[in-house]
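Engineer: Sequence first, predicted model second:
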Amino acid sequence: MTNATAIITDGKGHFVLDELTLGDPLENEVLVEVKASGVCHTDFDSMSWGRALVMGHEGAGVVLQCGPGVTHVGPGDRILLNWAIPCGDCFQCRAGAENICEQKPSVPRERFQYHGAGIETSFHLGTMATHTVVPKQAVVKIEVEIPFSSAAILGCGVMTGFGSVVNAAKVEKSSSVVVLGAGGVGLSVIQGAAYASAATIIVIDINPNRLELAKQFGATHTILADKEDQGLLRAAQQVRQLTGRGSDYAFECTAVPELGSAPLAMVRNGGCAVAVSGVERVVSVNMELFEWDKRYINPLYGQCRPFIDFPVLLALYQQGRLKLDEMVTCTYPLSGLGTAFTHMQQGLNAKGVLIP
């Protein structure tokens, strides 16, 4: 048994920092000491999912103990965690679509004892804690020198943004790209576009400080948006002036439901619009935006294949081609989650990270 401190939400808008007890890892499970946990909008949303949870789904740490059947990592290994946990054997996994696995492995809630009862962990990880127990498929070994805070953000936001460019949209060399929103995911899209050798990377945001940050991550042009610009149609006119006909690709990274169709207004005829932020709301869409062979895709988690993609991202970081340290603009103790959420909502951070 392992005693842990964790952030628990009641699913009704509240959270507390409290103690729980973890059972030892069983077959194909790994006990992890969490060293860093990213903070994102999904974590904030999880407080309203209507059920109690150990919060957090972006994490990195150290393996403490392995159950039978775990051979790719061992005690003492530095690891990062992946929330779209692939079983490796279902229809989707066999087709290479591990991010939409149909039989995601998980650790039973009974292994996490809280006030005498089992409790779920967010995305089967629960990284906002000092310790967690996860399926072996959630664990990727870190083979390079990297701070835990930088490694943790790979597990969701960076993979989502970078993978949406490289794996899903397959951005072509010398193309033009528009990025809507320069938060952590947007900055990762920018880096993915730079990696893909896009010639023009136009970033649109309402926050001038984030636009300045976007330039450091590879933006070639920036547009300061107006909150009153419905659907960003005026910004789209500026994109057409810069590109001649509209961009080849446009990525929505704002998580603002009203901007769900905005990337369609940015792309040329035959262009590709990409929903990155995962808006999960009913929104109205002007179907004229789809005309002239435009495509609109909605990839999950950058079509992540964890044991293929994360070693690539870690290698790019080691080579100085992927900025991660620069994205972590503030760290907090577990007791500072409320402040981290406030800073996130005010747009003060590129990425905030909890350090248990």
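Structural biologist: Thanks, I have it. Numbers count the residues shown, from 1 in each chain.
Engineer: Report how many residues lie close to residue 97.
Structural biologist: With neighbours defined by other CB atoms under 10 Å, the count for residue 97 comes to 17. C-betas here are computed from N, CA, C, even on glycine.
Engineer: Distance check, it against residue 229.
Structural biologist: Residue 97 is 36 Å from residue 229, where distance means CB to CB, to the nearest Å.
Engineer: ditto for residue 57
Structural biologist: Taking CB to CB, one finds residue 57 at 33 Å from residue 229.
Engineer: cool, residue 120 as well?
Structural biologist: Shown here: residue 120 relative to residue 229, a distance of 41 Å by CB to CB.
Engineer: cool, and residue 18?
Structural biologist: Counting by CB to CB, the gap from residue 18 to residue 229 is 44 Å.
Engineer: would residue 7 count as being in a strand?
Structural biologist: Yes - counting by DSSP: H, G, I helix; E, B strand; the rest coil, residue 7 is part of a strand.
Engineer: Give me the number of neighbouring residues for the closest residue to it other than its chain neighbours.
Structural biologist: The spatially closest residue to residue 7, leaving aside those adjacent along the chain, is residue 128, at 4.1 Å (CB to CB, 6 or more residues apart in numbering). Look at residue 128: counted by other CB under 10 Å, it has 32 neighbours.
Engineer: give me every residue that touches the nearest residue to residue 236 once chain neighbours are set aside.
Structural biologist: In this structure, residue 236 finds its nearest non-sequential neighbour in residue 265, 4.1 Å apart by CB to CB, 6+ apart. By CB atoms under 8 Å, 6 or more residues apart in numbering, the residues touching residue 265 are 231, 232, 233, 236, 289.
Engineer: out of those, who has the most neighbours?
Structural biologist: residue 232 (28 neighbours).
Engineer: Distance check, that one against residue 258.
Structural biologist: Distance check for residue 232 against residue 258: by CB to CB, it reads 10 Å.
Engineer: circling back to that earlier point, neighbour count for residue 57 and residue 229, which is higher?
Structural biologist: Between residue 57 and residue 229, counted using other CB under 10 Å, the more crowded position is residue 57 (25 against 15).
Engineer: Need the three-state assignment for that one.
Structural biologist: Of the three states, residue 57 takes coil according to three-state DSSP.
Engineer: same check, this time on residue 349
Structural biologist: Three-state call for residue 349 (three-state DSSP): coil.
Engineer: For it, grab the count of nearby residues.
Structural biologist: Neighbour count of residue 349, defined by other CB under 10 Å: 20.
Engineer: List the contacts of it.
Structural biologist: 184, 329, 330, 340, 343.
Engineer: Just among the residues you listed, which is most surrounded?
Structural biologist: That'd be residue 184 among the contacts of residue 349, by other CB under 10 Å, with 27 neighbours.
Engineer: hang on, isn't it packed against residue 344?
Structural biologist: No - taking CB atoms under 8 Å as the definition, residue 184 is not a contact partner of residue 344, at 9.2 Å.
Engineer: Please report the number of neighbouring residues for residue 110.
Structural biologist: 10.
Engineer: Confirm that it lies within a strand, as I assumed.
Structural biologist: No - assigned with three-state DSSP, residue 110 falls outside any strand and is helix.
Engineer: Setting aside sequence neighbours, what's the nearest residue to it?
Structural biologist: residue 118 (4.1 Å).
Engineer: next one: residue 205
Structural biologist: residue 182 (4.5 Å).
Engineer: Am I right that the one you found sits in a strand?
Structural biologist: No - read with three-state DSSP, residue 182 is coil and lies in no strand.
Engineer: Give me the neighbour count for it.
Structural biologist: Residue 182 - counted by other CB under 10 Å - has 29 other residues nearby.
Engineer: wait, it sits on residue 214?
Structural biologist: Yes - using CB under 8 Å, residue 182 is in contact with residue 214, at 4.3 Å.
Engineer: Which residues are in contact with each of these two?
Structural biologist: Residues within reach of residue 182 and of residue 214 at once, by CB under 8 Å, 6+ apart, are 190, 203, 205.
Engineer: quick one: contacts for the last one?
Structural biologist: The neighbours of residue 205, taking CB under 8 Å, 6+ apart as the test, are 180, 181, 182, 186, 211, 214, 222, 224, 225.
Engineer: separation between it and residue 214?
Structural biologist: Taking CB to CB, one finds residue 205 at 7 Å from residue 214.
Engineer: quick one: common contacting residues for the two?
Structural biologist: Jointly contacting residue 205 and residue 214 under the rule CB under 8 Å, 6+ apart are 182, 186, 222.
Engineer: What helix or strand is the second one located in?
Structural biologist: Here residue 186, judged by DSSP states H and E, is contained in helix 184-195.
Engineer: residue boundaries of the helices in the stretch 201-350 of the chain?
Structural biologist: Along the stretch 201-350 of the chain, the segments classed as helices by DSSP state H, counting those that start in this stretch run 208-216, 233-243, 262-266, 306-318, 337-345.
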